[in-house]
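In: predicted coordinates and the sequence they were generated for:
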Amino acid sequence: MTSTQSQIEVSYDVSNEFFKLWLDENMHYTSASYLTGDETLEQAQIQKCNILADYAEVTPESFVLDIGCGWGSNLEHLVRERGVKRAHGITLSTAQCEWIAQKKLGEVHAIVCDYKDYVPEEKYDGLISIEMIDHLCSPAQANKGMAVELYRTYFNKVADWVKPGACFGFQAILRNRIPRTRKDLEDLAFTADVIFPGGLNPRLEELTAAVNPRWEIVEMRTQRECYGRTTGEWLRRLRMHETTIREKWGDQVFIDYERYLDTCVRAFAAHWSSDVQMKLRRIG
């Protein structure tokens, strides 16, 4: 992927204990799916996992790959709630991979590997990927018009990992409008350069172009407001633990993450950003 392992570790290896303070209890670091508005963050994260598992047409007998598996939250859900017996995950974060190993999830194996270097030993029945694609194209590459090409390379490659007709539960953060004030632009640049170096959220039209010719879009839903609510809850929990964070990881970590999460809340409210879930089916 475009983001290097060292850049990924900047984003995700601050400390597992740090993220555990303000994410949900199962450490999902992606948008939850609020369907009624009455759910807790934990309930909405479970709903997100169920939507994507349904999109991937997961059954207990499915052999599933989670691309960019994070701390294994979705893998754990597949095993404990959907009865999946075998699953794999790939990540570029060493800390996340170690966290998954400690879960002892049976025939679930996660490895530290760039998707471009991954060679599965057998075909999967289904794929899931949750907001990993924002690590594939840098701002500089997008400015050169390379985004669709890079995303298409990804979709073509992962199509070879599954059986014909297999389905893919896919989720991505989207970029949309550009803010007009200097502070808003600076805050977005800070989030990209300091919290998630090397990454860029795709545009929806780039994804719909890039899935061709290997995948059909069967179903699609956007959830901008869901991600606004998710990041708002993360920000609330982060602030609850301000004293602990400042004492254990330093003032700057708290300052940086408060700025980042506050920017996210504003980004989803103002339509600078959104989120999409797709059910894709492999063609041929």
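Out: Sure, I can see it.

In: could I get the full set of helices for this structure?
Out: 5-12, 16-22, 41-55, 73-80, 94-103, 139-143, 147-159, 182-190, 204-210, 224-240, 242-249, 251-269 (DSSP state H).

In: what angle sits between the longest strand seen in the chain and helix 41-55?
Out: Under DSSP state E, the strand in the chain containing the largest number of residues is strand 162-175. Strand 162-175 and helix 41-55 are oriented at 140 degrees to each other (axes from the mean of the first three to the mean of the last three Cα atoms, to 10 degrees).

In: quick one: strands adjacent to strand 162-175?
Out: Strand pairing for strand 162-175, using DSSP bridges, gives strand 124-130 (parallel), strand 273-282 (antiparallel).

In: deepest-packed of the ones you listed, please.
Out: strand 124-130 (a mean of 24; mean count of other Cβ atoms under 10 Å). (Each C-beta comes from the backbone N, C-alpha and C, glycine too.)

In: what residue ranges in the protein score low on pLDDT?
Out: 1-13 (pLDDT under 70).

In: for the helices of the chain, which one sits closest to residue 63?
Out: Closest to residue 63 of the helices of the chain is helix 73-80 (Cβ to Cβ; 10.8 Å).

In: using CSV, write down the CA coordinates of that closest one.
Out: Extracted in CSV, the C-alpha atoms of helix 73-80 (Å, rounded to 0.1, in the frame of the first residue of the first chain):
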residue,chain,number,x,y,z
SER,A,73,-12.5,-6.5,16.2
ASN,A,74,-14.3,-7.7,13.0
LEU,A,75,-12.5,-11.0,13.0
GLU,A,76,-13.6,-11.6,16.6
HIS,A,77,-17.2,-10.7,15.6
LEU,A,78,-17.1,-13.2,12.7
VAL,A,79,-15.9,-16.0,15.0
ARG,A,80,-18.0,-15.3,18.1
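
In: export the strands paired with strand 162-175 as CSV, with columns for distance to residue 104.
Out: Shown next, in CSV, are the strands paired with strand 162-175 (distance: least, Cβ to Cβ, whole Å):
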stretch, distance to residue 104
strand 124-130, 21
strand 273-282, 29
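
In: just to revisit the earlier point, looking at the helices of the chain, which is buried most?
Out: Of those, helix 73-80 is the most buried (mean count of other Cβ under 10 Å), at a mean of 23.

In: gap between the two ends of stretch 238-245?
Out: 8 Å (Cα to Cα, to the nearest Å).

In: show me the contacts for residue 47.
Out: 32-35, 39 (Cβ atoms under 8 Å, 6 or more residues apart in numbering).

In: returning to that earlier point: nearest to residue 217, of the helices of the chain?
Out: helix 204-210 (6.6 Å).

In: check the gap between the nearest residue to residue 262 once chain neighbours are set aside and residue 107 for me.
Out: Among residues not flanking residue 262 along the chain, residue 235 sits closest, at 6.2 Å (Cβ to Cβ, 6 or more residues apart in numbering). In this view, residue 235 and residue 107 are 37 Å apart by Cβ to Cβ, to the nearest Å.

In: ok, now residue 29?
Out: Where residue 107 is concerned, residue 29 sits at a distance of 24 Å (Cβ to Cβ).

In: out of those two, which sits in the more crowded spot?
Out: Under the criterion of other Cβ atoms under 10 Å, the comparison of residue 29 against residue 107 puts residue 29 first, with 17 against 11.

In: am I right that the more buried one is in contact with residue 16?
Out: No - assessed by Cβ atoms under 8 Å, residue 29 is found out of contact with residue 16, at 11.3 Å.
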